[in-house]
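Visitor: sequence? don't have it. structure:
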């Protein structure tokens, strides 16, 4: 493996340990490190890749960084990129689930996390600003961003997200004649990863319906959720709450929300929250069973998006040579910017609306915008204040 690949994986590890605030904030940090500093790809290429991943089900930032790894070093580097990206957060969330169990047994308060959630809102608000300033450059894009933000705010169905993205892409695709024609379009689609994606989905559903094995059923639950989620962790969280708290009772509401608060305090992919849920779902099987629960949940939630990005990225460069596809990316990017703005507002709702919490959101946003203080320093400061105060 070349030195460039090692440097890239080190950069991915840095992001995995410092990228706080969910998929929207992750993209803003990818611009800083992977585009501005390292120049692995151009701003436009990252915007296009992120737009592509927005219209696929699964974890957006995970698919984006995996796709970048694929472009730099092919499938092998992409697999290593995926592992380096998801392992830290997934491991920490598994350990957090064990810690939550211990704290509950000993009646220890979790109030030291209370500053982290408003800080996470500040991260997402900054991401909304950073992304929209790069991709919203026309009147049409501004209108699409505003409309999608309003609709994403008021309608929380997971199907709203793909419909908005498709509608936005279709709107700007009508202006495809403004883009120059490109020749040498040889679209060769390799179907292997898509067939794998469907085959695992069907097999998991059939086996899950006929077995009493909890790890197998958990894998099916998380694979199905990972196949249906558009729009990132903000959409995944209510789905997991409905299935594993309301319907199956594997966790209490307090446990689930405590885990969610911890997930907000962690860097890396938001989907790593699945590791926490899977761990507590298997608590009756001891520590070994809990780690098995984390493993099957993590594999289940990330595998569908991985199959799909490996399927699409192989012909993406040829596909985007079509003028209609290139034109549609403007609308998709504008809609995704509106969804980020809506996500920032929606994330603020569960927090008590006090001057202190609003001030934390505003201070986090301003520190990210006007200073170079690293995100982990901000989060560690929030944790320290939580302990002290």
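Guide: Cool, the structure landed. As the structure is a computational prediction, the values presented were derived from the model and not from experiment.
Visitor: mind checking the pLDDT average for the helix or strand hosting residue 302?
Guide: Using DSSP states H and E, residue 302 sits within helix 286-313. For helix 286-313, mean pLDDT rounds to 94.
Visitor: for residue 148, helix, strand, or coil?
Guide: The local conformation at residue 148, judged by DSSP: H, G, I helix; E, B strand; the rest coil, is helix.
Visitor: quick one: the helix holding residue 302 to chain centroid distance?
Guide: Offset of helix 286-313 from its chain centre (C-alpha atoms, centre = their mean, to the nearest Å): 14 Å.
Visitor: may I see the buried residues of whichever helix or strand comes after it?
Guide: Moving toward the C-terminus from helix 286-313, the next helix or strand (DSSP H and E) is helix 316-319. Neighbour-count burial for helix 316-319, counted by 16 or more other C-beta atoms under 10 Å, picks out 316, 318. Heads up, the C-betas are built off the backbone N, CA and C, glycines and all.
Visitor: tell me the buried residues in the following helix or strand past helix 316-319?
Guide: Sequence-wise, the next helix or strand downstream of helix 316-319 (DSSP H and E) is helix 323-348. Neighbour-count burial for helix 323-348 flags 323-344, 346-348 (criterion: 16+ other C-beta under 10 Å).
Visitor: and helix 323-348, what does it pack onto?
Guide: For helix 323-348, the packing partners by 3 or more C-beta pairs under 8 Å, 6 or more residues apart in numbering; DSSP states H and E come out as helix 22-30, helix 43-54, helix 116-135, helix 139-154, helix 160-173, helix 233-240.
Visitor: just the angle for that helix relative to helix 22-30, thanks.
Guide: Helix 323-348 and helix 22-30 are oriented at 120 degrees to each other (axes from the mean of the first three to the mean of the last three C-alpha atoms, to 10 degrees).
Visitor: grab the nearest non-local neighbour of residue 336.
Guide: Leaving aside its sequence neighbours, residue 336 sits nearest to residue 54 (C-beta to C-beta, 6 or more residues apart in numbering; 4.7 Å).
Visitor: residue 194 versus the one you found, what's the distance?
Guide: To residue 194, residue 54 is 19 Å away according to C-beta to C-beta, to the nearest Å.
Visitor: and residue 341, by the same measure?
Guide: Going from residue 341 to residue 194 by C-beta to C-beta gives 32 Å.
Visitor: phi, psi of the residue nearest to residue 166 when sequence neighbours are not counted?
Guide: Using C-beta to C-beta, 6+ apart and skipping residues adjacent in sequence, the residue nearest residue 166 is residue 55, 7.1 Å away. For residue 55, the backbone dihedrals (degrees, to the nearest 10) come out as phi -90, psi 0.
Visitor: what about residue 55, neighbour count?
Guide: When neighbours are counted by other C-beta atoms under 10 Å, residue 55 registers 20.
Visitor: hmm, residue 169 and it touching each other?
Guide: Yes. Using C-beta atoms under 8 Å, residue 55 is in contact with residue 169, at 7.3 Å.
Visitor: can you pull the residues that touch both of the two?
Guide: Residues touching both residue 55 and residue 169 by C-beta atoms under 8 Å, 6 or more residues apart in numbering: residue 332.
Visitor: what's the burial count for residue 314?
Guide: For residue 314, the count of nearby residues is 17 (other C-beta under 10 Å).
Visitor: got the contact list for it?
Guide: 189-190.
Visitor: 7 Å instead?
Guide: Counting by C-beta atoms under 7 Å, 6 or more residues apart in numbering, residue 314 touches residue 190.
Visitor: residues in contact with residue 345?
Guide: Residues in contact with residue 345 (C-beta under 7 Å, 6+ apart) are residue 153.
Visitor: going forward, begin numbering at 10 instead of 1
Guide: Renumbered: residue one is now 10, and that last one reads residue 354.
Visitor: how near is it to residue 269?
Guide: 18 Å.
Visitor: do the same with residue 181
Guide: Applying C-beta to C-beta, the value for residue 181 to residue 269 is 35 Å.
Visitor: more neighbours: those two, which one.
Guide: residue 181 (24 against 20).
Visitor: help me confirm that that one comes into contact with residue 333.
Guide: No. At 9.7 Å, residue 181 does not count as touching residue 333 under the criterion of C-beta atoms under 7 Å.
Visitor: so which of residue 63 and residue 203 has more stuff around it?
Guide: residue 63 (26 against 15).
Visitor: show me the contacts for that one.
Guide: For residue 63, counting by C-beta under 7 Å, 6+ apart, the contacting residues are 69, 174, 341, 345.
Visitor: ok, now which ones touch residue 95?
Guide: Residue 95 makes contact with 71, 277-278, 281, 307, 311 under the criterion C-beta under 7 Å, 6+ apart.
Visitor: what's the spacing between it and residue 160?
Guide: From residue 95 across to residue 160, the span is 31 Å (C-beta to C-beta).
Visitor: likewise for residue 92?
Guide: Residue 92 is 36 Å from residue 160, by C-beta to C-beta.
Visitor: which of these two has more neighbours?
Guide: In this view residue 92 and residue 160 are compared by other C-beta under 10 Å, and residue 160 has more residues nearby, 18 against 13.
Visitor: least confident secondary structure element in this protein?
Guide: The helix or strand of the chain with the poorest confidence is helix 242-249; it has a mean of 69 (mean pLDDT, DSSP states H and E).
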